[in-house]
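**Student:** Provided below are the primary sequence and the corresponding predicted coordinates.
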Amino acid sequence: MKPLGLGVVGCGVIAIQSVFEHFEVGDLGDRVYLEACCDPVPGRAKEAAEKWGIKTYYEDLDEMLKNENVDIVTICSPISLHYEQGLKCIKAGKGVHFNKTMSLTSAEADEMIAEAEKRGVKLVVSPGMMLYTVNRKVRKALLNGEIGDIIWAFTGGSGVMFYHVEEQLRQGGKIVPTWYYKQPSGGPMYDSTIYNIHALVGIMGPVKRVSCMAGQIMKSFQYGDTKIDSEVDDNLFMLLDFGDSRFAMLYSGLKGEPVQTMPPSIFGTKGEVNNGCLNGVKLFEGRDKMGSLNISEAQRKLPQPHVFADVMQLVDAVREDKPIIATAEMGRHCVEIIEAGFESAKTGRVVELRTTFTPLPLEELD
């Protein structure tokens, strides 16, 4: 089969670190190549095309989707645009990779999944945390009974609200991170803690109910000489009910080192996963937690290797009909967890979830 033409929607920091730089070091020409890029900011797509050797560039997504050489698309735009842009790509018959998250609501995800099924379009949703060797090891241990019956778990992250105004690629004022601090898609849940959610449910399975407390501590952030007013909750704590008296705490703190991000800490009747160890034995060294990512060693050393691995999941699914691990159904469920968390924080009640997904079975784990 001929290599697939990839279209990149958005040419900012996410596209640079997750896509463009990876093509520079990877020998991918027989599988996929950069056919097109698109960005509404005048001159940005042209600059990216010239710098990264992309064949065509556009300021309008509709025009890019008319390009018959674009077979698949990766969406690297602000999260609030993912639904509108993703639906357009699906209706144009293009396979789609969504950077986290796939949408703002589970209803939006429903529509895209239904449209993709109707048209036979493949969808991959980042972050594909179950490509990580360490998470697969933990799920395998859980299914093999090495932890016993799960009692409780916790995971989370912090500090992302400060991270974006300090990113090296954003310095100089060319790629301003304003949207990270604005409604409806800003804040740490959609942008950062989504990694922890995907890892947790990928290991433990779907969530039944959610309760949450949330609030805003920082009203503004400094980006160079510019003050960015913040509209979003930046300090959130969720309680997740997995059923059968199994619970997990999920935190999204404004600042401070995460207690544990990956793998989640999980405590059972026979054993535990904690501080990167399974029953006292270390699960990984350094970046080895990424061991099973389907990309080269050189690419694993670049920023955002997990995102590019998800792009390559889409490539393999379209070219060879390989099964997708970072499924749209799992992505939708994680969106609903966030959605339910905000509803719970607003109303003070426990919110039951309606979506589900099928986690990896034992026979598909390494």
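**Tutor:** Perfect, I can see it now.
**Student:** So what touches the least confident helix or strand in the chain by mean pLDDT?
**Tutor:** Every helix and strand of the chain was ranked by mean pLDDT, DSSP states H and E. The lowest is helix 160-166, at a mean of 78. The contact list for helix 160-166 (CB atoms under 8 Å, 6 or more residues apart in numbering) reads 170, 177, 180-181, 187-188, 191-192, 218, 221-223, 228, 230, 234, 254-255. Where C-beta positions appear, they are placed from N, C-alpha and C, glycine not excepted.
**Student:** Pull out the buried members of these.
**Tutor:** Among these, the ones that count as buried by 16 or more other CB atoms under 10 Å are 170, 177, 180-181, 187-188, 191-192, 221, 223, 228, 230, 234, 254.
**Student:** ends of stretch 217-234, how far apart?
**Tutor:** For stretch 217-234, the first-to-last residue distance is 6 Å (CA to CA, to the nearest Å).
**Student:** Chain neighbours aside, what residue packs nearest to G148?
**Tutor:** Sequence neighbours aside, K270 is the residue nearest to G148 in space, at 2.9 Å (criterion: CB to CB, 6 or more residues apart in numbering).
**Student:** Kindly provide the distance from L4 to V315.
**Tutor:** Distance, L4 to V315, by CB to CB, to the nearest Å: 6 Å.
**Student:** got it, and T155?
**Tutor:** Using CB to CB, we find T155 at a distance of 30 Å from V315.
**Student:** Would you report the backbone torsion angles of N69?
**Tutor:** When quoted as degrees, to the nearest 10, the phi and psi of N69 stand at phi -80, psi -10.
**Student:** Please parse the chain into its domains.
**Tutor:** 4-125, 132-286+327-364 (automatic domain parsing).
**Student:** what's the most buried one of the ones you listed?
**Tutor:** Ranked by mean neighbour count, the domains of the chain are led by domain 4-125 with a mean of 20 (mean count of other CB atoms under 10 Å).
**Student:** now that one, how far from the chain's geometric center?
**Tutor:** 15 Å (CA atoms, centre = their mean, to the nearest Å).
**Student:** Then stretch 222-229?
**Tutor:** 26 Å.
**Student:** How about stretch 350-358?
**Tutor:** With CA atoms, centre = their mean, you get 19 Å for stretch 350-358.
**Student:** can I get the CA coordinates of that stretch in PDB?
**Tutor:** Only the C-alpha atoms of stretch 350-358 are listed here, as PDB (Å, rounded to 0.1, in the frame of the first residue of the first chain):
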ATOM      1  CA  VAL A 350     -22.900  12.400  42.700                       C
ATOM      2  CA  VAL A 351     -23.200  12.000  38.900                       C
ATOM      3  CA  GLU A 352     -23.800   8.600  37.300                       C
ATOM      4  CA  LEU A 353     -22.100   7.900  34.000                       C
ATOM      5  CA  ARG A 354     -23.800   6.500  31.000                       C
ATOM      6  CA  THR A 355     -20.800   5.700  28.700                       C
ATOM      7  CA  THR A 356     -18.500   2.700  28.900                       C
ATOM      8  CA  PHE A 357     -15.700   1.000  27.000                       C
ATOM      9  CA  THR A 358     -14.000  -2.300  26.800                       C
END
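**Student:** List the contacts of that stretch.
**Tutor:** Contacts to stretch 350-358, defined as CB under 8 Å, 6+ apart, come from residues 106, 201, 206-211, 241, 327, 329-330, 332-333, 336-337, 340-341, 343-344.
**Student:** May I have the residues that are in contact with the spatially closest residue to D234 that is not a sequence neighbour?
**Tutor:** Distance criterion CB to CB, 6+ apart; nearest residue to D234, sequence neighbours excluded, is L254 at 4.6 Å. Shown in contact with L254 (CB under 8 Å, 6+ apart): 158-159, 161, 188, 217-218, 234-235.
**Student:** quick check: longest helix of the chain.
**Tutor:** helix 328-347 (DSSP state H).
**Student:** Next secondary structure after that one?
**Tutor:** strand 351-352 (DSSP states H and E).
**Student:** quick check: mean pLDDT across that following strand?
**Tutor:** Mean pLDDT, strand 351-352: 98.
**Student:** follow-up on the earlier one: so what's in contact with L4 and V315 at the same time?
**Tutor:** Residues touching both L4 and V315 (CB under 8 Å, 6+ apart) are 31-32, 72.
**Student:** Point out the least confident one among these.
**Tutor:** Scanning those for pLDDT, the smallest score is found at R31, 93.
**Student:** in terms of contact, does it touch L4 like I think?
**Tutor:** Yes - using CB atoms under 8 Å, R31 is in contact with L4, at 7.1 Å.
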